[in-house]
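> I would like the atomic coordinates for the input below:
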Amino acid sequence: MELLLQPSSSILQALLSQFTDKLEQDTREPIFTFQFPANLIALLGKANIENDPSSSTTVYYGLLGPKLLFWWQLILLVAIQSINAVAVACFIYKFIIKQRGTTTAFLSGYAIVLPYVLWMPFKLCRALELQNMAQMLTLAVSTALVFFRCFEAMYGTSPAKVEQDLLSYCLYYCALVQLRFDSETGKPIKVTKEEMQTKVLQFAPNFFLMGVLNSIFHCFTYLPFPTSILTDQTAESWADLFHWGHLCNNLALAFLTYFGLDTGSLLIGCSINLISGCSTISMNDEPLTKSTSVSDFWGRRWNQLVHGVLKRGIFKPVRNYFPKSIATIVTFVFSGLFHEYVILVTALKNESLSSQGTNTHYDPRYGKHMAFFAWNGFMMIVEYFLADNFILLWIGNKLPQPIKTMIILMLVIPISHWFTHEYVNSGFYDDLSIGYPKIVRL
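Just a heads-up that it's a prediction; the model follows:
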């Protein structure tokens, strides 16, 4: 850990040389260009062209290729955090796991490890002068995983067998996309040829689909459907929340977020598979199209990596002392705090721009992510207490799966802009799109 706290100038300079291009602006040149008649583009409503002579008859577009440097820098950041995580894992194993239940273990966790891992992304972002929101978010998320795993260590809720020896524990920490462990032997499961083929076949279409989605959303400034709730505004009435345009915008952004999370995790997961030869977990399981209940959405389908560490690091320890409902609420509150922390880290971009004499462009609005996850925690509680209600039983037994999924989405989509609009305003989606193909107007 000492090396990461005070890196030598040579190491720091070597790293800085890889981050000379800050990727805070999309400076890509088109691979090729094409054109559309202006009147055809005007049919798209909000995407209509400006009334200027140069675009009165023809609109020119260009295809931008993915910026490979974006992915190289992202892999470097993941590698740095993996080294840091292994150093923390060694400390946790010696001072917390081996002394679990003692004052030393709790002091080591609460007074040393937790403050350290929360501070590290700020240190790295400033040291590397990061300005790309997607990369800064990756640092924040990988840190949060270590944060919750520290709770697992203190309260004895780590996955089965990973604590059997130091090597297994370090392997558990080192991968951003979690390795799969054999429940009997505790050893990492070897990746198979079939698993690699499946992931590659999932990644390729997702990668290009992200390019299509980024192109469309960029064209419509992330609001392709008519709505009174803009990205920097809040709803004024219940009617605004359930307006069809608002619901479609939120659902579209949910799909963009889903595919972005899935595609990134597939790429990082495949990289880990190739380097380690070990299998990794699947991040998502079609939550937006196959969920049949609130608990199914959050517990088995959406972002299983974060779900896993929250369940083991927060839910299980709290459940040992309090009812399930209390443990659920506490878990969703910690999920909200985790996402607020991510915003806090990405807001460092303002600090970097200010040091260069550039006006800051992002004014973070804290609290909306907390409200979003508090609402979903409340929905989980309602579902739990009404599990035997005849209406819910009828819905679960009689309605087709697509209808059940639509009902579940209607419990969250009206207010999902509390989550996604913060990322729109911060420029996260634009920064992320640098790593994907994209069609832009010239």
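
> which residues in the stretch 301-442 of the chain form helices?
304-310, 316-319, 324-346, 348-355, 368-385, 390-398, 401-410, 417-426, 428-433 (DSSP state H, counting those that start in this stretch).

> Quick check: residue 113 touching residue 96?
Yes. Applying CB atoms under 8 Å, one finds residue 113 in contact with residue 96, separated by 7.4 Å. Just so you know, the C-beta spots here come from the backbone N, C-alpha and C atoms, and that holds for glycine as well.

> Now the common contact residues for the two.
Shared contacts of residue 113 and residue 96, defined by CB atoms under 8 Å, 6 or more residues apart in numbering, are found at residue 150.

> re earlier: can the helices of the stretch 301-442 of the chain go into TSV with extra columns for mean pLDDT, distance to residue 121 and mean neighbour count?
Listed next are these as TSV, based on pLDDT from 0 to 100; distance: least, CB to CB, whole Å; neighbours: other CB atoms under 10 Å:
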stretch	mean pLDDT	distance to residue 121	mean neighbour count
helix 304-310	91	16	20
helix 316-319	95	24	18
helix 324-346	93	5	20
helix 348-355	68	8	16
helix 368-385	93	17	18
helix 390-398	83	41	11
helix 401-410	93	32	15
helix 417-426	92	15	22
helix 428-433	93	15	23
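
> Relative to residue 208, which of the ones you listed is closest?
helix 428-433 (12.8 Å; CB to CB).

> Name the SS class of residue 34, please.
Put simply, residue 34 is strand when judged by DSSP: H, G, I helix; E, B strand; the rest coil.

> who's in contact with it?
60-63.

> Okay, and which of the residues you listed map to strands?
60-63 (DSSP state E).

> Tell me the one among the residues you listed nearest to residue 28.
residue 62 (8.9 Å).

> Once you drop chain neighbours, what's closest to residue 95?
Spatial nearest neighbour of residue 95, chain neighbours left out: residue 108 (4.1 Å); criterion: CB to CB, 6 or more residues apart in numbering.

> what's around the one you found, how many residues?
By other CB atoms under 10 Å, 21 other residues sit near residue 108.

> do the same with residue 86
Around residue 86 there are 17 residues (other CB under 10 Å).

> Please tell me how far it sits from residue 79.
Residue 86 sits 11 Å away from residue 79, going by CB to CB, to the nearest Å.

> circling back: tell me the buried residues within the contacts of residue 34.
Among those, the ones that count as buried by 16 or more other CB atoms under 10 Å are 61-63.

> Need these in TSV (columns: distance to residue 420 and pLDDT).
Formatted as TSV, these follow (distance: CB to CB, whole Å; pLDDT from 0 to 100):
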residue	distance to residue 420	pLDDT
61	26	85
62	27	90
63	26	91
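
> Let me have these in CSV, adding distance to residue 270 as columns.
Output for the buried ones among the contacts of residue 34, formatted as CSV (distance: CB to CB, whole Å):
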residue, distance to residue 270
61, 31
62, 29
63, 25
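
> And those residues, which is closest to residue 267?
Once CB to CB is applied, the member of the buried ones among the contacts of residue 34 that ends up nearest residue 267 is residue 63, at 20.9 Å.

> now that closest one, nearest residue through space, not along the chain?
Using CB to CB, 6+ apart, the nearest residue to residue 63 is residue 31, at 5.1 Å.

> wait, isn't residue 407 in contact with residue 391?
No. Contact criterion CB under 8 Å: residue 407 and residue 391 do not qualify, at 11.2 Å.

> Contact partners for the nearest residue to residue 438 once chain neighbours are set aside?
Nearest residue to residue 438, sequence neighbours excluded (CB to CB, 6+ apart): residue 64, at 4.6 Å. Each residue near residue 64 by CB under 8 Å, 6+ apart is listed here: 26, 28-31, 437-440.

> roughly how far apart are residue 64 and residue 101?
From residue 64 to residue 101 the distance is 56 Å (CB to CB).

> Residue 155 now?
On the measure of CB to CB, residue 155 and residue 101 end up 9 Å apart.
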